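Engineer: What shape does this take:
(4 chains)
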4 protein chains.
Amino acid sequence: MGRPIGHTQWAIAEGYIPSQSTGPQPAMTSHETACLLNTGDQDAHVEVTLYFADREPVGPYRVTVPARRTLHLRFNDLQHPAPVPRDTDYSSVFTSDVPIVVQHTRLDSRQAENALLSTLAFPVPP
Amino acid sequence: MGRPIGHTQWAIAEGYIPSQSTGPQPAMTSHETACLLNTGDQDAHVEVTLYFADREPVGPYRVTVPARRTLHLRFNDLQHPAPVPRDTDYSSVFTSDVPIVVQHTRLDSRQAENALLSTLAFPVPP
Amino acid sequence: MGRPIGHTQWAIAEGYIPSQSTGPQPAMTSHETACLLNTGDQDAHVEVTLYFADREPVGPYRVTVPARRTLHLRFNDLQHPAPVPRDTDYSSVFTSDVPIVVQHTRLDSRQAENALLSTLAFPVPP
Amino acid sequence: MGRPIGHTQWAIAEGYIPSQSTGPQPAMTSHETACLLNTGDQDAHVEVTLYFADREPVGPYRVTVPARRTLHLRFNDLQHPAPVPRDTDYSSVFTSDVPIVVQHTRLDSRQAENALLSTLAFPVPP
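Structural biologist: Numbers count the residues shown, from 1 in each chain, chains lettered A, B, ... in the order given. This is a model prediction of the structure:
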(Lines give C-alpha, C1' and ligand atoms only; values in the text may rest on other atoms or scores of the structure.)
Protein backbone atom coordinates (compact mmCIF):
# COMPACT_ATOMS: atom_id res chain seq x y z
CA MET A 1 0.00 0.00 0.00
CA GLY A 2 1.06 3.53 -0.58
CA ARG A 3 2.65 3.08 -4.00
CA PRO A 4 0.73 4.98 -6.68
CA ILE A 5 -0.18 2.79 -9.64
CA GLY A 6 -1.66 3.58 -13.01
CA HIS A 7 -1.47 6.51 -15.39
CA THR A 8 -2.09 10.24 -15.13
CA GLN A 9 -4.32 10.41 -18.21
CA TRP A 10 -7.16 8.15 -19.32
CA ALA A 11 -9.77 8.33 -22.07
CA ILE A 12 -13.24 6.78 -22.37
CA ALA A 13 -14.55 7.04 -25.92
CA GLU A 14 -18.03 5.74 -25.11
CA GLY A 15 -20.51 7.85 -23.19
CA TYR A 16 -24.29 8.03 -23.15
CA ILE A 17 -26.78 8.62 -20.35
CA PRO A 18 -30.32 7.55 -21.27
CA SER A 19 -33.02 9.91 -20.04
CA GLN A 20 -35.29 7.01 -19.13
CA SER A 21 -34.98 4.49 -16.31
CA THR A 22 -37.01 1.71 -14.77
CA GLY A 23 -36.71 0.04 -11.35
CA PRO A 24 -36.09 1.37 -7.83
CA GLN A 25 -34.27 4.71 -7.61
CA PRO A 26 -31.46 5.70 -7.32
CA ALA A 27 -29.69 2.32 -7.43
CA MET A 28 -31.36 1.39 -10.71
CA THR A 29 -31.27 4.81 -12.37
CA SER A 30 -29.59 4.52 -15.75
CA HIS A 31 -26.12 5.88 -15.18
CA GLU A 32 -22.58 6.01 -16.44
CA THR A 33 -19.82 5.60 -13.92
CA ALA A 34 -16.08 6.14 -14.01
CA CYS A 35 -14.41 4.17 -11.23
CA LEU A 36 -11.23 5.96 -10.13
CA LEU A 37 -8.69 4.22 -7.90
CA ASN A 38 -5.91 6.10 -6.12
CA THR A 39 -3.57 3.67 -4.36
CA GLY A 40 -1.01 6.34 -3.47
CA ASP A 41 -0.44 8.42 -0.36
CA GLN A 42 -1.27 11.75 -2.01
CA ASP A 43 -4.73 12.93 -2.96
CA ALA A 44 -5.41 12.82 -6.70
CA HIS A 45 -6.77 16.01 -8.20
CA VAL A 46 -8.55 14.99 -11.37
CA GLU A 47 -9.84 17.12 -14.21
CA VAL A 48 -12.49 15.67 -16.50
CA THR A 49 -13.18 17.04 -19.99
CA LEU A 50 -16.21 15.96 -21.99
CA TYR A 51 -16.20 15.78 -25.80
CA PHE A 52 -19.33 15.87 -27.93
CA ALA A 53 -20.34 15.19 -31.52
CA ASP A 54 -21.40 18.68 -32.45
CA ARG A 55 -20.06 21.24 -29.98
CA GLU A 56 -16.84 22.29 -28.29
CA PRO A 57 -15.55 20.29 -25.30
CA VAL A 58 -16.89 21.15 -21.84
CA GLY A 59 -14.75 21.23 -18.71
CA PRO A 60 -12.81 20.85 -16.68
CA TYR A 61 -14.98 19.18 -14.09
CA ARG A 62 -12.89 18.79 -10.93
CA VAL A 63 -12.98 15.84 -8.56
CA THR A 64 -10.63 14.65 -5.83
CA VAL A 65 -9.83 11.03 -5.09
CA PRO A 66 -8.31 10.99 -1.61
CA ALA A 67 -5.15 9.03 -0.88
CA ARG A 68 -5.77 5.25 -0.69
CA ARG A 69 -9.39 5.61 -1.75
CA THR A 70 -11.68 4.79 -4.66
CA LEU A 71 -14.25 7.11 -6.17
CA HIS A 72 -17.07 5.69 -8.27
CA LEU A 73 -18.02 8.87 -10.09
CA ARG A 74 -21.45 9.05 -11.68
CA PHE A 75 -21.44 11.28 -14.73
CA ASN A 76 -25.09 11.95 -13.86
CA ASP A 77 -23.87 13.90 -10.84
CA LEU A 78 -21.48 16.25 -12.67
CA GLN A 79 -22.93 19.78 -12.48
CA HIS A 80 -20.14 22.33 -12.95
CA PRO A 81 -19.42 23.89 -15.37
CA ALA A 82 -22.58 22.26 -16.87
CA PRO A 83 -24.70 19.14 -16.31
CA VAL A 84 -24.12 16.25 -18.69
CA PRO A 85 -26.85 16.23 -21.33
CA ARG A 86 -29.04 13.11 -21.54
CA ASP A 87 -29.55 11.07 -24.72
CA THR A 88 -26.37 12.59 -26.11
CA ASP A 89 -23.19 10.87 -27.29
CA TYR A 90 -20.06 11.98 -25.47
CA SER A 91 -16.51 10.91 -24.61
CA SER A 92 -14.40 11.79 -21.59
CA VAL A 93 -10.75 12.39 -20.76
CA PHE A 94 -9.35 12.23 -17.22
CA THR A 95 -6.14 14.05 -16.25
CA SER A 96 -4.74 13.55 -12.75
CA ASP A 97 -1.74 15.02 -10.94
CA VAL A 98 -0.82 11.55 -9.62
CA PRO A 99 -1.26 8.08 -11.18
CA ILE A 100 -4.72 6.54 -10.94
CA VAL A 101 -6.62 3.62 -12.53
CA VAL A 102 -9.89 4.30 -14.39
CA GLN A 103 -12.61 1.81 -15.36
CA HIS A 104 -15.87 2.59 -17.13
CA THR A 105 -19.26 1.06 -16.26
CA ARG A 106 -22.77 1.71 -17.53
CA LEU A 107 -26.06 0.56 -16.04
CA ASP A 108 -28.79 0.86 -18.63
CA SER A 109 -32.27 0.42 -17.20
CA ARG A 110 -34.36 1.83 -20.03
CA GLN A 111 -36.11 -1.48 -20.38
CA ALA A 112 -37.52 -3.61 -17.56
CA GLU A 113 -34.27 -5.44 -16.93
CA ASN A 114 -30.96 -3.80 -16.45
CA ALA A 115 -27.97 -4.18 -18.72
CA LEU A 116 -24.39 -3.64 -17.70
CA LEU A 117 -21.25 -2.90 -19.55
CA SER A 118 -17.76 -2.26 -18.28
CA THR A 119 -14.35 -1.79 -19.75
CA LEU A 120 -10.99 -0.49 -18.75
CA ALA A 121 -10.46 3.07 -19.91
CA PHE A 122 -7.61 3.77 -22.36
CA PRO A 123 -4.42 4.51 -20.43
CA VAL A 124 -2.61 7.29 -22.26
CA PRO A 125 1.12 6.53 -22.41
CA PRO A 126 3.27 9.13 -20.64
CA MET B 1 -7.44 20.14 -24.81
CA GLY B 2 -5.86 20.17 -28.20
CA ARG B 3 -3.31 17.45 -27.63
CA PRO B 4 -4.09 14.38 -29.75
CA ILE B 5 -4.17 11.18 -27.68
CA GLY B 6 -4.40 7.56 -28.68
CA HIS B 7 -3.21 5.50 -31.60
CA THR B 8 -3.54 5.72 -35.38
CA GLN B 9 -4.63 2.10 -35.79
CA TRP B 10 -7.14 0.03 -33.83
CA ALA B 11 -8.70 -3.39 -34.31
CA ILE B 12 -12.01 -4.86 -33.11
CA ALA B 13 -12.08 -8.63 -33.53
CA GLU B 14 -15.74 -9.03 -32.58
CA GLY B 15 -18.50 -7.90 -34.89
CA TYR B 16 -22.06 -9.07 -35.43
CA ILE B 17 -25.27 -7.19 -36.22
CA PRO B 18 -28.40 -9.24 -35.51
CA SER B 19 -31.13 -8.84 -38.10
CA GLN B 20 -33.81 -8.82 -35.43
CA SER B 21 -34.64 -6.16 -32.85
CA THR B 22 -37.30 -5.47 -30.26
CA GLY B 23 -38.27 -2.22 -28.54
CA PRO B 24 -38.71 1.37 -29.75
CA GLN B 25 -36.76 2.31 -32.92
CA PRO B 26 -34.12 3.51 -33.61
CA ALA B 27 -32.70 3.82 -30.07
CA MET B 28 -33.31 0.14 -29.37
CA THR B 29 -32.39 -1.25 -32.77
CA SER B 30 -29.75 -3.92 -32.36
CA HIS B 31 -26.55 -2.21 -33.37
CA GLU B 32 -22.80 -2.27 -33.19
CA THR B 33 -21.04 0.98 -32.47
CA ALA B 34 -17.43 2.11 -32.63
CA CYS B 35 -16.92 5.20 -30.48
CA LEU B 36 -14.13 7.33 -31.93
CA LEU B 37 -12.62 10.18 -29.91
CA ASN B 38 -10.41 12.83 -31.49
CA THR B 39 -8.98 15.15 -28.83
CA GLY B 40 -6.62 16.92 -31.22
CA ASP B 41 -6.91 20.14 -33.18
CA GLN B 42 -6.88 18.46 -36.59
CA ASP B 43 -9.73 16.51 -38.13
CA ALA B 44 -9.17 12.75 -38.14
CA HIS B 45 -9.68 11.03 -41.47
CA VAL B 46 -10.42 7.42 -40.66
CA GLU B 47 -10.54 4.41 -42.95
CA VAL B 48 -12.42 1.32 -41.80
CA THR B 49 -11.82 -2.13 -43.28
CA LEU B 50 -14.13 -5.05 -42.51
CA TYR B 51 -12.91 -8.65 -42.38
CA PHE B 52 -15.17 -11.66 -42.80
CA ALA B 53 -15.02 -15.42 -42.28
CA ASP B 54 -15.41 -16.48 -45.88
CA ARG B 55 -14.73 -13.61 -48.25
CA GLU B 56 -12.14 -10.93 -48.97
CA PRO B 57 -12.05 -7.77 -46.80
CA VAL B 58 -14.36 -4.89 -47.75
CA GLY B 59 -13.34 -1.25 -47.59
CA PRO B 60 -12.20 1.28 -47.00
CA TYR B 61 -15.23 2.97 -45.50
CA ARG B 62 -14.33 6.61 -44.86
CA VAL B 63 -15.44 8.69 -41.90
CA THR B 64 -14.20 11.98 -40.46
CA VAL B 65 -14.01 12.78 -36.77
CA PRO B 66 -13.71 16.55 -36.53
CA ALA B 67 -11.13 18.18 -34.27
CA ARG B 68 -12.11 17.99 -30.55
CA ARG B 69 -15.15 15.85 -31.28
CA THR B 70 -16.42 12.31 -30.72
CA LEU B 71 -18.16 10.16 -33.30
CA HIS B 72 -20.27 7.21 -32.21
CA LEU B 73 -20.29 5.33 -35.49
CA ARG B 74 -23.00 2.74 -36.03
CA PHE B 75 -21.82 -0.05 -38.29
CA ASN B 76 -25.48 -0.37 -39.30
CA ASP B 77 -25.13 2.97 -41.06
CA LEU B 78 -22.09 2.11 -43.20
CA GLN B 79 -23.21 1.98 -46.85
CA HIS B 80 -20.19 2.54 -49.12
CA PRO B 81 -18.62 0.54 -50.65
CA ALA B 82 -21.24 -1.96 -49.34
CA PRO B 83 -23.69 -2.25 -46.43
CA VAL B 84 -22.62 -4.45 -43.52
CA PRO B 85 -24.35 -7.81 -43.81
CA ARG B 86 -26.61 -8.86 -40.91
CA ASP B 87 -26.25 -12.11 -38.97
CA THR B 88 -22.67 -12.34 -40.21
CA ASP B 89 -19.45 -12.50 -38.21
CA TYR B 90 -16.99 -9.74 -38.98
CA SER B 91 -14.01 -7.83 -37.57
CA SER B 92 -12.91 -4.26 -38.20
CA VAL B 93 -9.68 -2.29 -38.43
CA PHE B 94 -9.52 1.51 -38.09
CA THR B 95 -6.66 3.52 -39.56
CA SER B 96 -6.51 7.26 -38.89
CA ASP B 97 -4.15 10.01 -40.03
CA VAL B 98 -4.01 11.42 -36.46
CA PRO B 99 -4.21 9.63 -33.09
CA ILE B 100 -7.69 8.68 -31.87
CA VAL B 101 -9.22 6.44 -29.19
CA VAL B 102 -11.64 3.65 -30.20
CA GLN B 103 -14.11 1.75 -28.01
CA HIS B 104 -16.55 -0.93 -29.14
CA THR B 105 -20.16 -1.27 -27.93
CA ARG B 106 -23.01 -3.56 -28.94
CA LEU B 107 -26.67 -3.25 -28.08
CA ASP B 108 -28.40 -6.55 -28.67
CA SER B 109 -32.18 -6.32 -28.56
CA ARG B 110 -33.10 -9.59 -30.22
CA GLN B 111 -34.95 -10.62 -27.09
CA ALA B 112 -37.36 -8.50 -25.07
CA GLU B 113 -34.65 -6.98 -22.91
CA ASN B 114 -31.53 -5.39 -24.21
CA ALA B 115 -28.02 -6.59 -23.59
CA LEU B 116 -24.94 -4.47 -23.78
CA LEU B 117 -21.31 -5.19 -24.22
CA SER B 118 -18.38 -2.85 -24.52
CA THR B 119 -14.65 -3.11 -24.65
CA LEU B 120 -11.69 -1.05 -25.61
CA ALA B 121 -10.49 -1.82 -29.11
CA PHE B 122 -6.97 -3.19 -29.55
CA PRO B 123 -4.52 -0.31 -29.96
CA VAL B 124 -1.99 -1.33 -32.57
CA PRO B 125 1.51 -0.32 -31.46
CA PRO B 126 3.20 2.17 -33.80
CA MET C 1 -4.48 -4.65 -45.94
CA GLY C 2 -1.99 -7.42 -45.78
CA ARG C 3 0.00 -6.19 -42.80
CA PRO C 4 -0.34 -8.58 -39.87
CA ILE C 5 -1.35 -6.78 -36.68
CA GLY C 6 -1.59 -7.95 -33.09
CA HIS C 7 0.30 -10.45 -30.98
CA THR C 8 1.23 -14.10 -31.27
CA GLN C 9 0.02 -15.01 -27.78
CA TRP C 10 -3.16 -14.05 -25.94
CA ALA C 11 -4.78 -15.15 -22.69
CA ILE C 12 -8.41 -15.14 -21.53
CA ALA C 13 -8.66 -15.73 -17.80
CA GLU C 14 -12.45 -16.02 -17.74
CA GLY C 15 -14.22 -19.03 -19.16
CA TYR C 16 -17.50 -20.74 -18.33
CA ILE C 17 -20.10 -22.43 -20.52
CA PRO C 18 -23.46 -22.85 -18.79
CA SER C 19 -25.17 -26.16 -19.49
CA GLN C 20 -28.56 -24.49 -19.72
CA SER C 21 -29.93 -22.19 -22.40
CA THR C 22 -33.20 -20.54 -23.31
CA GLY C 23 -34.40 -19.08 -26.60
CA PRO C 24 -34.11 -20.21 -30.24
CA GLN C 25 -31.19 -22.53 -31.05
CA PRO C 26 -28.37 -22.30 -32.00
CA ALA C 27 -28.13 -18.49 -32.12
CA MET C 28 -29.26 -18.17 -28.52
CA THR C 29 -27.44 -21.17 -27.09
CA SER C 30 -25.29 -20.07 -24.17
CA HIS C 31 -21.80 -19.91 -25.59
CA GLU C 32 -18.33 -18.54 -25.17
CA THR C 33 -16.62 -17.16 -28.21
CA ALA C 34 -13.07 -16.12 -28.98
CA CYS C 35 -13.01 -13.78 -31.98
CA LEU C 36 -9.72 -14.16 -33.86
CA LEU C 37 -8.69 -11.65 -36.51
CA ASN C 38 -5.87 -12.32 -38.96
CA THR C 39 -5.17 -9.24 -41.10
CA GLY C 40 -2.03 -10.66 -42.67
CA ASP C 41 -1.38 -12.46 -45.91
CA GLN C 42 -0.41 -15.76 -44.30
CA ASP C 43 -2.77 -18.22 -42.65
CA ALA C 44 -2.56 -18.21 -38.85
CA HIS C 45 -2.13 -21.61 -37.22
CA VAL C 46 -3.40 -21.25 -33.70
CA GLU C 47 -3.04 -23.58 -30.75
CA VAL C 48 -5.44 -23.22 -27.85
CA THR C 49 -4.72 -24.58 -24.38
CA LEU C 50 -7.39 -24.72 -21.69
CA TYR C 51 -6.59 -24.37 -17.98
CA PHE C 52 -8.84 -25.63 -15.21
CA ALA C 53 -9.20 -25.25 -11.46
CA ASP C 54 -8.50 -28.82 -10.48
CA ARG C 55 -6.84 -30.72 -13.31
CA GLU C 56 -3.94 -30.45 -15.73
CA PRO C 57 -4.28 -28.24 -18.83
CA VAL C 58 -5.90 -29.74 -21.93
CA GLY C 59 -4.67 -29.12 -25.45
CA PRO C 60 -3.58 -28.07 -27.86
CA TYR C 61 -6.76 -27.56 -29.80
CA ARG C 62 -5.80 -26.50 -33.33
CA VAL C 63 -7.62 -23.96 -35.47
CA THR C 64 -6.63 -22.06 -38.60
CA VAL C 65 -7.57 -18.46 -39.33
CA PRO C 66 -7.02 -17.98 -43.06
CA ALA C 67 -5.19 -14.92 -44.38
CA ARG C 68 -7.33 -11.74 -44.24
CA ARG C 69 -10.15 -13.51 -42.42
CA THR C 70 -11.84 -13.54 -39.03
CA LEU C 71 -12.84 -16.64 -37.08
CA HIS C 72 -15.43 -16.40 -34.34
CA LEU C 73 -14.56 -19.59 -32.51
CA ARG C 74 -17.17 -21.07 -30.19
CA PHE C 75 -15.55 -22.96 -27.33
CA ASN C 76 -18.71 -25.09 -27.37
CA ASP C 77 -17.53 -26.51 -30.69
CA LEU C 78 -14.05 -27.61 -29.57
CA GLN C 79 -13.93 -31.40 -29.60
CA HIS C 80 -10.32 -32.58 -29.91
CA PRO C 81 -8.51 -33.63 -27.80
CA ALA C 82 -11.61 -33.34 -25.54
CA PRO C 83 -14.88 -31.38 -25.45
CA VAL C 84 -15.01 -28.37 -23.12
CA PRO C 85 -16.84 -29.35 -19.94
CA ARG C 86 -19.99 -27.38 -19.07
CA ASP C 87 -20.57 -25.59 -15.78
CA THR C 88 -16.82 -25.61 -15.22
CA ASP C 89 -14.43 -22.69 -14.72
CA TYR C 90 -11.63 -22.51 -17.23
CA SER C 91 -9.11 -20.12 -18.83
CA SER C 92 -7.57 -20.21 -22.28
CA VAL C 93 -4.28 -19.31 -23.95
CA PHE C 94 -3.90 -18.77 -27.70
CA THR C 95 -0.55 -19.16 -29.45
CA SER C 96 -0.30 -18.30 -33.16
CA ASP C 97 2.53 -18.51 -35.67
CA VAL C 98 1.64 -15.04 -36.99
CA PRO C 99 0.21 -11.98 -35.20
CA ILE C 100 -3.55 -11.99 -34.58
CA VAL C 101 -6.05 -10.04 -32.45
CA VAL C 102 -8.26 -11.88 -29.94
CA GLN C 103 -11.46 -10.68 -28.25
CA HIS C 104 -13.63 -12.66 -25.84
CA THR C 105 -17.45 -12.68 -25.83
CA ARG C 106 -20.00 -14.65 -23.83
CA LEU C 107 -23.70 -14.99 -24.48
CA ASP C 108 -25.43 -16.26 -21.37
CA SER C 109 -29.01 -17.35 -21.96
CA ARG C 110 -29.64 -19.34 -18.82
CA GLN C 111 -32.47 -16.99 -17.93
CA ALA C 112 -35.20 -15.79 -20.24
CA GLU C 113 -33.20 -12.81 -21.49
CA ASN C 114 -29.73 -13.00 -22.78
CA ALA C 115 -26.71 -11.34 -21.23
CA LEU C 116 -23.56 -10.43 -23.05
CA LEU C 117 -20.06 -9.71 -22.00
CA SER C 118 -17.01 -8.95 -24.05
CA THR C 119 -13.46 -7.91 -23.41
CA LEU C 120 -10.17 -7.76 -25.21
CA ALA C 121 -8.00 -10.73 -24.36
CA PHE C 122 -4.66 -10.09 -22.67
CA PRO C 123 -1.96 -9.55 -25.31
CA VAL C 124 1.18 -11.27 -24.06
CA PRO C 125 4.21 -9.06 -24.73
CA PRO C 126 6.76 -10.63 -27.06
CA MET D 1 2.87 -24.91 -21.18
CA GLY D 2 4.93 -24.07 -18.19
CA ARG D 3 5.93 -20.54 -19.18
CA PRO D 4 4.46 -17.97 -16.80
CA ILE D 5 2.64 -15.19 -18.64
CA GLY D 6 1.16 -11.93 -17.45
CA HIS D 7 2.05 -9.42 -14.75
CA THR D 8 2.69 -9.57 -11.02
CA GLN D 9 0.35 -6.69 -10.19
CA TRP D 10 -3.16 -5.94 -11.43
CA ALA D 11 -5.83 -3.42 -10.44
CA ILE D 12 -9.62 -3.50 -10.80
CA ALA D 13 -11.13 -0.07 -10.19
CA GLU D 14 -14.75 -1.24 -10.26
CA GLY D 15 -16.21 -3.27 -7.43
CA TYR D 16 -19.72 -3.64 -6.04
CA ILE D 17 -21.61 -6.62 -4.64
CA PRO D 18 -25.37 -6.07 -4.54
CA SER D 19 -27.06 -7.43 -1.41
CA GLN D 20 -30.01 -8.67 -3.41
CA SER D 21 -30.24 -11.54 -5.87
CA THR D 22 -32.88 -13.38 -7.83
CA GLY D 23 -32.82 -16.82 -9.45
CA PRO D 24 -31.46 -20.21 -8.33
CA GLN D 25 -28.65 -20.13 -5.74
CA PRO D 26 -25.69 -20.14 -5.72
CA ALA D 27 -25.10 -20.00 -9.49
CA MET D 28 -27.28 -16.93 -9.87
CA THR D 29 -26.28 -15.13 -6.69
CA SER D 30 -25.10 -11.63 -7.55
CA HIS D 31 -21.36 -11.84 -7.39
CA GLU D 32 -18.10 -10.26 -8.41
CA THR D 33 -15.39 -12.53 -9.67
CA ALA D 34 -11.70 -12.09 -10.38
CA CYS D 35 -10.47 -14.80 -12.74
CA LEU D 36 -6.80 -15.54 -12.07
CA LEU D 37 -4.76 -17.61 -14.50
CA ASN D 38 -1.37 -19.05 -13.60
CA THR D 39 0.25 -20.71 -16.63
CA GLY D 40 3.60 -21.25 -14.92
CA ASP D 41 5.09 -24.21 -13.10
CA GLN D 42 5.21 -22.50 -9.70
CA ASP D 43 2.22 -21.80 -7.46
CA ALA D 44 1.20 -18.15 -7.40
CA HIS D 45 0.80 -16.61 -3.96
CA VAL D 46 -1.51 -13.67 -4.41
CA GLU D 47 -2.33 -10.86 -2.00
CA VAL D 48 -5.51 -8.87 -2.56
CA THR D 49 -6.06 -5.42 -1.08
CA LEU D 50 -9.45 -3.73 -1.16
CA TYR D 51 -9.87 0.04 -1.38
CA PHE D 52 -13.00 1.89 -0.31
CA ALA D 53 -14.52 5.35 -0.67
CA ASP D 54 -14.48 6.35 2.96
CA ARG D 55 -12.17 4.10 4.97
CA GLU D 56 -8.62 2.76 4.95
CA PRO D 57 -7.76 -0.19 2.68
CA VAL D 58 -8.41 -3.71 3.98
CA GLY D 59 -6.07 -6.62 3.42
CA PRO D 60 -4.15 -8.51 2.45
CA TYR D 61 -6.48 -11.34 1.61
CA ARG D 62 -4.34 -14.33 0.62
CA VAL D 63 -5.15 -16.82 -2.13
CA THR D 64 -3.04 -19.39 -3.96
CA VAL D 65 -3.39 -20.21 -7.65
CA PRO D 66 -1.63 -23.55 -8.13
CA ALA D 67 0.79 -24.08 -11.01
CA ARG D 68 -1.00 -24.48 -14.38
CA ARG D 69 -4.39 -23.73 -12.86
CA THR D 70 -7.08 -21.06 -12.96
CA LEU D 71 -8.91 -19.69 -9.95
CA HIS D 72 -12.22 -17.91 -10.41
CA LEU D 73 -12.27 -16.05 -7.12
CA ARG D 74 -15.60 -14.76 -5.84
CA PHE D 75 -15.16 -11.62 -3.79
CA ASN D 76 -18.30 -12.77 -1.95
CA ASP D 77 -16.23 -15.59 -0.48
CA LEU D 78 -13.41 -13.46 0.96
CA GLN D 79 -13.62 -13.61 4.76
CA HIS D 80 -10.22 -12.78 6.26
CA PRO D 81 -9.29 -10.25 7.50
CA ALA D 82 -12.93 -9.10 6.94
CA PRO D 83 -15.87 -9.98 4.67
CA VAL D 84 -16.48 -7.69 1.71
CA PRO D 85 -19.32 -5.30 2.56
CA ARG D 86 -22.41 -5.42 0.31
CA ASP D 87 -23.86 -2.41 -1.50
CA THR D 88 -20.51 -0.67 -1.11
CA ASP D 89 -18.17 0.70 -3.78
CA TYR D 90 -14.70 -0.78 -3.71
CA SER D 91 -11.61 -1.39 -5.86
CA SER D 92 -9.03 -4.16 -5.67
CA VAL D 93 -5.32 -4.64 -6.27
CA PHE D 94 -3.72 -8.04 -6.84
CA THR D 95 -0.02 -8.65 -6.15
CA SER D 96 1.49 -12.03 -7.01
CA ASP D 97 4.96 -13.50 -6.57
CA VAL D 98 4.84 -14.89 -10.14
CA PRO D 99 3.17 -13.52 -13.29
CA ILE D 100 -0.58 -14.14 -13.63
CA VAL D 101 -3.44 -12.85 -15.79
CA VAL D 102 -6.49 -11.25 -14.13
CA GLN D 103 -9.95 -10.64 -15.62
CA HIS D 104 -12.94 -9.14 -13.83
CA THR D 105 -16.55 -10.36 -14.18
CA ARG D 106 -19.76 -9.36 -12.44
CA LEU D 107 -23.08 -11.20 -12.46
CA ASP D 108 -25.82 -8.85 -11.32
CA SER D 109 -29.09 -10.62 -10.59
CA ARG D 110 -30.88 -7.93 -8.62
CA GLN D 111 -33.62 -7.88 -11.21
CA ALA D 112 -35.37 -10.89 -12.72
CA GLU D 113 -32.83 -11.30 -15.51
CA ASN D 114 -29.14 -11.41 -15.00
CA ALA D 115 -26.66 -8.91 -16.36
CA LEU D 116 -23.02 -9.58 -16.98
CA LEU D 117 -20.00 -7.42 -17.32
CA SER D 118 -16.39 -8.35 -17.81
CA THR D 119 -13.16 -6.57 -18.50
CA LEU D 120 -9.47 -7.21 -18.35
CA ALA D 121 -7.96 -5.85 -15.16
CA PHE D 122 -5.30 -3.15 -15.48
CA PRO D 123 -1.85 -4.75 -15.79
CA VAL D 124 0.56 -2.65 -13.76
CA PRO D 125 3.83 -2.21 -15.68
CA PRO D 126 6.85 -3.68 -13.91
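
Engineer: from the chain's centre, how far out does the helix or strand hosting residue A:9 sit?
Structural biologist: Residue A:9 belongs to strand A:7-12 when assigned by DSSP states H and E. A distance of 11 Å separates the centroid of the chain from that of strand A:7-12, by CA atoms, centre = their mean, to the nearest Å.

Engineer: which outside residues touch it?
Structural biologist: Judged by CB atoms under 8 Å, 6 or more residues apart in numbering or on different chains, the contacts made with strand A:7-12 from elsewhere in the structure are A:34, A:91-102, A:104, A:121-126, B:5-6, B:37, B:39, B:101, B:103. To be clear about C-beta, it is placed using only N, CA and C from the backbone, and glycine gets the same treatment.

Engineer: list the helices and strands whichever helix or strand comes after that strand packs on?
Structural biologist: Next in sequence after strand A:7-12, counting helices and strands by DSSP H and E, comes strand A:31-38. Here strand A:31-38 is seen to pack against strand A:44-52, strand A:58-65, strand A:69-74, strand A:90-108, strand D:90-108 when contacts are counted using 3 or more CB pairs under 8 Å, 6 or more residues apart in numbering or on different chains; DSSP states H and E.

Engineer: ok now do the residue nearest to the spatial centre of chain A, which residues does it touch?
Structural biologist: For chain A, the residue sitting closest to the mean C-alpha position, by CA atoms, centre = their mean, is residue A:34 at 2.8 Å. Residue A:34 sits next to A:12, A:48, A:72, A:73, A:75, A:92, A:94, A:102, A:103, A:104, A:105, A:121 when contact means CB under 8 Å, 6+ apart.

Engineer: Quick check: pLDDT value at it.
Structural biologist: With respect to pLDDT, residue A:34 scores 91.

Engineer: What is the neighbour count of the nearest residue to it once chain neighbours are set aside?
Structural biologist: Leaving out its chain neighbours, the residue that sits closest to residue A:34 by CB to CB, 6 or more residues apart in numbering or on different chains is residue A:73, at 4.8 Å. Residues near residue A:73, counting by other CB atoms under 10 Å in any protein chain shown, number 21.

Engineer: for residue A:98, same thing?
Structural biologist: 18.

Engineer: Kindly report the same for residue A:19.
Structural biologist: The number of residues packed near residue A:19 is 10, by other CB under 10 Å.

Engineer: thinking again about what came up before, filter the contacts of strand A:7-12 down to the buried ones.
Structural biologist: Under a neighbour-count criterion of 16 or more other CB atoms under 10 Å in any protein chain shown, the subset of the contacts of strand A:7-12 counted as buried comprises A:34, A:91-96, A:98-102, A:104, A:121-124, B:5-6, B:37, B:39, B:101, B:103.

Engineer: Enumerate every residue touching the residue nearest to residue A:34.
Structural biologist: For residue A:73, the set of contacting residues under the criterion of CB under 8 Å, 6+ apart consists of A:33, A:34, A:35, A:36, A:48, A:63.

Engineer: how about 7 Å then?
Structural biologist: Under the criterion of CB atoms under 7 Å, 6 or more residues apart in numbering or on different chains, the contact list for residue A:73 reads A:33, A:34, A:36, A:63.

Engineer: Among the residues you listed, which one sits closest to chain D?
Structural biologist: residue A:36 (6.5 Å; CB to the nearest CB).

Engineer: where's that closest one relative to residue C:64, distance?
Structural biologist: According to CB to CB, to the nearest Å, residue A:36 and residue C:64 sit 43 Å apart.

Engineer: next one: residue A:48
Structural biologist: Distance, residue A:48 to residue C:64, by CB to CB: 45 Å.

Engineer: okay, these two: which has more neighbours?
Structural biologist: Using other CB under 10 Å as the criterion, residue A:48 and residue C:64 rank with residue A:48 on top: 22 against 13.

Engineer: Hmm, residue A:60 and the more buried one touching each other?
Structural biologist: Yes - between residue A:48 and residue A:60 there is a contact at 6.2 Å, judged by CB atoms under 7 Å.

Engineer: give the contact list for residue A:65.
Structural biologist: The neighbours of residue A:65, taking CB under 7 Å, 6+ apart as the test, are A:36, A:38, A:43, A:44, A:46, A:71, A:100.

Engineer: Apply the buried test to those residues and list what passes.
Structural biologist: A:36, A:38, A:44, A:46, A:71, A:100.

Engineer: ok, so of those, who is nearest residue B:83?
Structural biologist: For the buried ones among the contacts of residue A:65, the residue nearest residue B:83 by CB to CB is residue A:36; the value is 40.2 Å.

Engineer: List the residues that contact that closest one.
Structural biologist: Under the criterion of CB under 7 Å, 6+ apart, the contact partners of residue A:36 comprise A:46, A:65, A:70, A:71, A:73, A:100, A:102, D:13.
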